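Chemist: Below are the sequence and a predicted model for it; my questions follow.
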Protein chains: 2
Amino acid sequence: MSRTDQAPAPIDHAPQPRGNRAPQKGASWERRLVARLLASVGNPPVRFVLWNGDQLDPPNAEPIAEVRIHDRAALIKLLLDPDLHFGDGYTEGRIDVKGDLAALITETYRRMSTPAGRSWRLRRRNTLSGSRDNIHHHYDVGNDFYKLWLDERMVYTCAYFETPDATLEQAQLAKMDYVCRKLELTPGESVVEAGCGWGSLSLFMAANYGVRVRAFNISHEQIAWARDRARAEGLADRVEFVEDDYRNIAGKHDAFVSVGMLEHVGVANYEGLGAVIDRALTPAGRGLIHSIGRHKPMGSSRWLESRIFPGAEQPALSEMLQVLEPHNFAVLDVENLRLHYAQTLRHWLDRFERAADKIEAMFDDRFVRTYRLYLAASLATFASGWAQLFQVVFNRFQNNDIPRTRAHLYTGQPRSPW
Amino acid sequence: MSRTDQAPAPIDHAPQPRGNRAPQKGASWERRLVARLLASVGNPPVRFVLWNGDQLDPPNAEPIAEVRIHDRAALIKLLLDPDLHFGDGYTEGRIDVKGDLAALITETYRRMSTPAGRSWRLRRRNTLSGSRDNIHHHYDVGNDFYKLWLDERMVYTCAYFETPDATLEQAQLAKMDYVCRKLELTPGESVVEAGCGWGSLSLFMAANYGVRVRAFNISHEQIAWARDRARAEGLADRVEFVEDDYRNIAGKHDAFVSVGMLEHVGVANYEGLGAVIDRALTPAGRGLIHSIGRHKPMGSSRWLESRIFPGAEQPALSEMLQVLEPHNFAVLDVENLRLHYAQTLRHWLDRFERAADKIEAMFDDRFVRTYRLYLAASLATFASGWAQLFQVVFNRFQNNDIPRTRAHLYTGQPRSPW
């Protein structure tokens, strides 16, 4: 436990509750603060247990989880900025949760009518060197850590659960195959991948669709791992992993693909990304961008942005189109896979919990709590609808070599051409 | 022939050709003007025949069509504003085309790198009364006229050609069924349709999916026809046709659908349309908007906007999202059916040509030429990629009652739920 025994701030410094809530006669200040906190997040059915032993149960409902607040300052901070200080309080061990953490956050998010605790956009600019720092922060934590809770291929993006009983491994394979079918890859084609993670998709495309791939990533640890895999799988002559920024993509390719990178690009750089894609694609080229998104423009969670993913932004679909529209790409297909990401995160969180002791031994308890909360809160974000997952397929607007229908994606029949 | 023998303007009034094109020694002013005109639209392989008998053939290519310019003023106007004055010159009979008019325009559009002759947006505002005037202009020309070239159900929107040999009738039925499947209609549900044309989709939904429908349209002739059909098909108790503006939609419905109306709404009114949808839908409600669009924001053809569809605007997908994002709808699915509209227009144009004599007897030659050009130019716009057709499916962002995959749309199997 890395709990910090910070001196509690005097209650008088807390802002007075506003609104016309009637004062509860005889209730302690602490209880009134908890009531105010709960009201501000839509009164989810949660039990609160305070440092002094006070227990507050939800009226007329069974609690879905129990939140234990270990000191007065943690409670006051929660009121001031629930998003940031629930995260910090939890990782510091000043707040504990008994019961289902993901369900607690999901139920809270479901009750929110406006996104709480959103950061200002672009707090950390994604310049070439800024991006390298931001990506290093998260992705270079250590391959051994991610191996403990990702699937065997180390795919760190939303999977595609075609059937209710699909395993995570099956769903990640299904996702990669679905992406290849949407891109209509054919043997001998050249593909460029922007933000390739540990290289699974690139290797899958080369092995199963007979394409050559140049894959870009600025995470040193991921690229090293990906190169080892390419050699081990005998694909090193067909898949080139380039440790470089997407902005330095060169050459002409038949397809562009990016799965889970746009979140790190920043809306201000979308038009520039579109220029890179325009430069990289042949006249008949196709592209697919797979990204976490929002149903409308909004900032990130401050806790997530400051503690987990510096520089990250999740675009609304209208914002994603700033990549494509200025460069004369036409959108052919958009699919929202939001609940697939909730399911993916359920798998990751389960595996993470099973490996929690090992992870605590590798790092410390605070690290475990930080990642547990990150995974649970991400799950809740997708399950509650506050995040979406968009797959967008596009080509150049004048290209008529497009399938008649989408039936071939689902029937296994060849596509019906025009 | 309603050809006007307007006095030709003196050539000296034409703007001097700009750019560094070398003057062609010995070439007449007329020939140089044609060369300039052709260069400005990317040099499509077209033969020009002028009023003085001069014939200009494309270098190194067989002409795909022959354009006859009957007077000098028509040529000069073409140079000044090809979009507007090709249309006006053609309908006035001052310009004739021998050969495939649609192919001529398609090849010209394919060569354009920027949209030519675009109008300023919102030249005719779609206020309640403005919309009524604008819609009356096009849709109240007469049901007998549209019967001559639409399918038997009078569906005046993009069809869905599932197979290469589908007839127009089959493709319109397939489109309506596809819309119903995307909306996941179930018996007993209530649907509101905004902009129902002659009522085909409303009647189809009621007859085949067992739903009740309230359908809005401000075209008096279309509503009258639709009511007759509802009575004749025994559906008058389940489909109510309301002669009113979409802005006056009231009540709560399980689904909202609008096929081919958004083009008449105007981008400035999109957020207002979203407010109407928000008001009209239950918490679990779904929606589908089917609209002509663009691959990026741009104005309409000035000829089309001023002569055919006053008040019409074709939105980029980013602009369509102004309907949905401000009102907390999440996009579930976008499909681009651009080439289906080119195919639909091929059918309409063929039928129109077969009925041209009848139509000339009903109206006059100028009317025939206007509609022929409108259909041919529309075909060319979709075939060349300068227009798109987006079907957008959406629901409220927190609604988790969504299908796992899109497979059921194509396999006939029940949807796989979460």
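Modeler: In hand now; what should we look at?
Chemist: Endpoints of stretch A:344-364, how far apart?
Modeler: One end of stretch A:344-364 sits 25 Å from the other (CA to CA, to the nearest Å).
Chemist: Please apply the same query to stretch A:393-407.
Modeler: For stretch A:393-407, the end-to-end distance is 15 Å (CA to CA).
Chemist: Stretch A:129-149 too?
Modeler: End-to-end distance of stretch A:129-149 (CA to CA): 29 Å.
Chemist: residues in contact with whichever residue of the stretch 1-150 of chain A sits closest to chain B?
Modeler: Across the stretch 1-150 of chain A, no residue is closer to chain B than residue A:110, which sits at 6.4 Å (CB to the nearest CB). C-beta coordinates here come from the backbone N, C-alpha and C atoms, glycine included. Shown in contact with residue A:110 (CB atoms under 8 Å, 6 or more residues apart in numbering or on different chains): A:42, A:384, A:385, B:398.
Chemist: For whichever strand or helix holds it, what is the distance to the chain centroid?
Modeler: Assessed by DSSP states H and E, residue A:110 sits inside helix A:101-111. Put simply, helix A:101-111 sits 17 Å off its chain's centre (CA atoms, centre = their mean, to the nearest Å).
Chemist: next one: stretch A:276-287
Modeler: 26 Å.
Chemist: Other residues contacting it?
Modeler: Residues external to stretch A:276-287 that are found in contact with it (CB under 8 Å, 6+ apart): A:183-184, A:192, A:194, A:246-247, A:249-257, A:323-324, A:327-329, A:393-396, A:399, A:401.
Chemist: buried ones in it?
Modeler: Of the residues in stretch A:276-287, A:276, A:277, A:278, A:280, A:281, A:285, A:286, A:287 count as buried by neighbour count, 16 or more other CB atoms under 10 Å in any protein chain shown.
Chemist: Confirm that the second one sits in a strand.
Modeler: No - assessed with DSSP: H, G, I helix; E, B strand; the rest coil, residue A:277 is helix; it does not lie in a strand.
Chemist: Give me the neighbour count for residue A:400.
Modeler: Neighbours of residue A:400 under the rule other CB atoms under 10 Å in any protein chain shown: 16.
Chemist: what about residue A:66, is that helix, strand or coil?
Modeler: Of the three states, residue A:66 takes strand according to three-state DSSP.
Chemist: Contact partners for it?
Modeler: A:46, A:47, A:48, A:49, A:97, A:98, A:99 are the contacts of residue A:66 under CB under 8 Å, 6+ apart.
Chemist: and if we set it to 10 Å?
Modeler: By CB atoms under 10 Å, 6 or more residues apart in numbering or on different chains, residue A:66 lies in contact with A:46, A:47, A:48, A:49, A:55, A:57, A:96, A:97, A:98, A:99, A:104.
Chemist: tell me which residues of the lengthiest helix in chain A are tucked away?
Modeler: Ranked by residue count and defined by DSSP state H, the top helix of chain A is helix A:365-384. Neighbour counts using 16+ other CB under 10 Å place A:366-384 of helix A:365-384 among the buried residues.
Chemist: And stretch A:260-270, by the same measure?
Modeler: A:260, A:261, A:262, A:263, A:264, A:265, A:266, A:267, A:269, A:270.
Chemist: on that earlier part again, select from the contacts of residue A:66 every entry located in helices.
Modeler: Those of the contacts of residue A:66 lying in helices (DSSP H): residue A:104.
Chemist: Only the buried members of the contacts of residue A:66: can you turn that into a PyMOL selection?
Modeler: Of the contacts of residue A:66, the buried ones can be selected in PyMOL as follows, counting by 16+ other CB under 10 Å:
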select buried, chain A and resi 46+47+48+49+96+97+104
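Chemist: So which residues make contact with the host helix or strand of residue A:240?
Modeler: Per DSSP H and E: residue A:240 is located in strand A:239-243. Contact with strand A:239-243 is made by A:191-193, A:196, A:198-199, A:202-207, A:211-220, A:222-231, A:233, A:248-250, as judged by CB under 10 Å, 6+ apart.
Chemist: Got a PyMOL select line for the buried ones in those?
Modeler: To isolate the buried ones among the contacts of strand A:239-243 in PyMOL, judged by 16+ other CB under 10 Å, type:
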select buried, chain A and resi 191+192+193+196+198+199+202+203+204+205+206+211+212+213+214+215+216+217+218+219+222+223+225+226+227+229+230+249
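Chemist: taking the contacts of strand A:239-243 one by one, which sit in helices?
Modeler: Taking DSSP H as the definition of helices, those contribute A:202-207, A:220, A:222-231.
Chemist: distance of residue A:303 from residue A:370?
Modeler: Taking CB to CB, to the nearest Å as the measure, residue A:303 and residue A:370 are separated by 10 Å.
Chemist: Let me fix that, I meant to ask about residue A:282.
Modeler: According to CB to CB, residue A:282 and residue A:370 sit 44 Å apart.
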